[in-house]
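Asker: structure here, sequence nowhere to be found:
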Ligand SMILES: NC(=O)c1ccc[n+]([C@@H]2O[C@H](COP(=O)([O-])OP(=O)(O)OC[C@H]3O[C@@H](n4cnc5c(N)ncnc54)[C@H](O)[C@@H]3O)[C@@H](O)[C@H]2O)c1
Ligand SMILES: O=C(O)C[C@H](O)C(=O)O
């Protein structure tokens, strides 16, 4: 029997969606369907065709289709949702909640109808609450509904640590838990560099400055760009998660998962360390936390809950 390529749909063909589609194709993770609204059908087709025309130059084999028709995305293995508005300088991610909740709900209805067996990764912000919205709208088992925040937040933390230490980014292993907001919880105690606890390598004040910069890492990019938010590192993060699922890699990654008692939280989607493999979220880890770390996580969880309350009451 002929082997079939995986099929990956990316909903939203804006900065993050288009960048993700190209990176997925470059890595030959599967055929890619890029979906946007009917008013943007031609630009979406144009982006996909432009990417396809990069393939002979770069030497990758992947079909890339741009469309406004979910029929083209039917039976996708993985669906990535980047649809929605992005924040501008001076805004918080939470300011996007009402607009993006409506968009994510309608996208999920289409995904449910056309790709009922897909693993769905949500990027749209505020992403913890949007993962909750998606889970409700999809009605899929919770292992198949996964939010992206921690891979990106940890990547920022690792970048800043590698720069401060002048070592390879590959040797920095940070851990960031909690919601994707300014009170996310980088866990210094669990951060190692080449196996060495980071607290042995950098002064406390320098680590604290890096933690503070990590927490507002998205805002730093928003201020610099002036008209939109980050997309290269977010796209790379989505690709790493997709690869973990499609290749059943069983990576230990920070993802937004449904907590069912872990860390004392119930029925809450928030960033935690989990095993991501062929069956989506296969296991959630509950780390031992100090009282201070627990308090920081509680603050972050409360921020997430307050945004979820807005979508629940809408
Ligand atoms: N979770 C994270 O770590 C993270 C990282 C980066 C961006 N984001 C979020 O991702 C979202 C997208 O960011 P971006 O920079 O790509 O924005 P963008 O404006 O460049 O692209 C968004 C795209 O979504 C499309 N869209 C809107 N409604 C749609 C619908 N109903 N169906 C299909 N497509 C629809 C738009 O037409 C647009 O092309 C934002 O909400 C942003 O805040 C989250
Ligand atoms: O900061 C944003 O609004 C986009 C994204 O969540 C990010 O962290 O880059």
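Answerer: Arrived safely. Keep in mind it's a predicted model, so treat the numbers as computed, not measured. Ligands and ions are numbered 1, 2, ... in the order given.

Asker: just want the residue of the stretch 1-150 of the chain that's nearest ligand 1.
Answerer: Of all residues in the stretch 1-150 of the chain, residue 14 sits closest to ligand 1, at 1.7 Å by Cβ to the nearest ligand atom. C-betas here are computed from N, CA, C, even on glycine.

Asker: quick one, what contacts that residue?
Answerer: 36, 82, 86 (Cβ atoms under 8 Å, 6 or more residues apart in numbering).

Asker: could you measure it against residue 123, distance?
Answerer: Separation of residue 14 from residue 123 (Cβ to Cβ, to the nearest Å): 11 Å.

Asker: spatially nearest residue to the residue nearest to the spatial centre of the chain (excluding sequence neighbours)?
Answerer: In the chain, the C-alpha nearest the mean C-alpha coordinate belongs to residue 148, at 1.9 Å (Cα atoms, centre = their mean). Counting by Cβ to Cβ, 6 or more residues apart in numbering, residue 148 lies nearest to residue 123, which is 5.1 Å off, once chain neighbours are set aside.

Asker: rewinding a little: now list whatever residues contact both of residue 14 and residue 123.
Answerer: Shared contacts of residue 14 and residue 123 (Cβ under 8 Å, 6+ apart): residue 82.

Asker: who touches the helix or strand hosting residue 235?
Answerer: Using DSSP states H and E, residue 235 sits within helix 232-246. With contact meaning Cβ under 8 Å, 6+ apart, helix 232-246 is reached by 6, 8, 16, 19-20, 23-24, 27, 29-30, 77-78, 80, 82, 119, 121, 123, 146, 148, 151-152, 155-156, 249-251, 253, 255, 276-278, 280.

Asker: next: stretch 129-139.
Answerer: Outside stretch 129-139, the residues that touch it by Cβ under 8 Å, 6+ apart are 81, 84, 97, 100-101, 104-105, 108-109, 111-112, 120, 122, 124, 142, 144-147, 256, 258, 269, 304, 307-308, 310-311.

Asker: who touches whatever residue of the stretch 201-314 of the chain ends up closest to ligand 2 in this structure?
Answerer: Nearest residue of the stretch 201-314 of the chain to ligand 2 (Cβ to the nearest ligand atom) works out as residue 218 at 2.4 Å. Each residue near residue 218 by Cβ under 8 Å, 6+ apart is listed here: 93, 180, 229-230.

Asker: which residues of the stretch 151-300 of the chain lie near ligand 1?
Answerer: 152, 180, 228-231, 234 (Cβ under 6 Å from any ligand atom).

Asker: related to what we said a few turns ago, ok, now how distant is the residue of the stretch 201-314 of the chain closest to ligand 2 from residue 129?
Answerer: If you go by Cβ to Cβ, the gap between residue 218 and residue 129 works out to 15 Å.

Asker: next: residue 68.
Answerer: 26 Å.

Asker: between these two, which is the more surrounded one?
Answerer: Ranked by neighbour count (other Cβ atoms under 10 Å), residue 68 and residue 129 place residue 129 first, with 33 against 17.

Asker: and the angle for the helix or strand hosting that one with helix 232-246?
Answerer: For residue 129, the host element (DSSP H and E) is helix 127-138. Between helix 127-138 and helix 232-246, the angle comes out at 40 degrees (axes from the mean of the first three to the mean of the last three Cα atoms, to 10 degrees).

Asker: so is helix 127-138 next to ligand 1?
Answerer: Yes - using Cβ under 6 Å from any ligand atom, helix 127-138 reaches ligand 1 at residue 127.
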